[in-house]
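1. Quick one, structure for this:
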Amino acid sequence: MPVLCRDTEYYLEDGSAATEGILLAARAHGLGSCWVAGDKKPYTAEICRLVGAPQGYKLVSLIPIGYPAESPEKSKRPLSDVLHWEKY
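-> So this is what the prediction gives:
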């Protein structure tokens with residue numbers, strides 16, 4: 001699934017937020033996904049052409065979505081290791 005945005009000042013931020021929402025939604029539905037590509041790859045113009053993107057749109061990400069062959073469980077770090085209050 002390509003995420004494309006109109007080439008505006010904040011297209012990368014908007015497209016990144018949309019990509020993250022898609023990744024989270026896929027996970028919530030039991031699907032696997034991965035953020036594969038960004039707008040700086042040499043093949044982005046070709047992807048835009050293949051999907052018929054209008055002029056002035058840029059590829060932000062490509063997201064394969066499907067059922068994972070396996071779902072390994074990862075242990076989470078304690079919140080105190082990743083959350084800092086008012087200083088690092």
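
2. and the longest helix for the chain?
-> helix 11-28 (DSSP state H).

3. Show residues contacting that one.
-> Outside helix 11-28, the residues that touch it by CB atoms under 8 Å, 6 or more residues apart in numbering are 1, 3-5, 8, 32-35, 39, 58, 60-61, 63, 65. Glycine gets a C-beta too; all of them are placed from N, C-alpha and C.

4. Enumerate the positions of it that are buried.
-> Taking 16 or more other CB atoms under 10 Å as the basis for neighbour counts, the residues of helix 11-28 that come out buried are 11-12, 15-16, 18-19, 22-23, 26.

5. what distance separates it from the centre of its chain?
-> 5 Å (CA atoms, centre = their mean, to the nearest Å).

6. Keeping just the C-alphas, turn that helix into PDB.
-> Taking Å, rounded to 0.1, in the frame of the first residue of the first chain, the C-alpha atoms of helix 11-28 are listed here in PDB:
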ATOM      1  CA  TYR A  11       3.800  16.500   3.300                       C
ATOM      2  CA  LEU A  12       6.400  14.300   5.000                       C
ATOM      3  CA  GLU A  13       4.900  14.900   8.500                       C
ATOM      4  CA  ASP A  14       1.400  14.400   7.300                       C
ATOM      5  CA  GLY A  15       2.300  11.200   5.300                       C
ATOM      6  CA  SER A  16       4.300   9.900   8.300                       C
ATOM      7  CA  ALA A  17       1.300  10.300  10.600                       C
ATOM      8  CA  ALA A  18      -0.900   8.600   8.100                       C
ATOM      9  CA  THR A  19       1.600   5.700   7.700                       C
ATOM     10  CA  GLU A  20       1.800   5.200  11.500                       C
ATOM     11  CA  GLY A  21      -2.000   5.200  11.700                       C
ATOM     12  CA  ILE A  22      -2.100   2.500   9.000                       C
ATOM     13  CA  LEU A  23       0.500   0.400  10.800                       C
ATOM     14  CA  LEU A  24      -1.400   0.600  14.100                       C
ATOM     15  CA  ALA A  25      -4.700  -0.200  12.400                       C
ATOM     16  CA  ALA A  26      -3.200  -3.200  10.700                       C
ATOM     17  CA  ARG A  27      -1.900  -4.500  14.000                       C
ATOM     18  CA  ALA A  28      -5.300  -3.900  15.700                       C
END
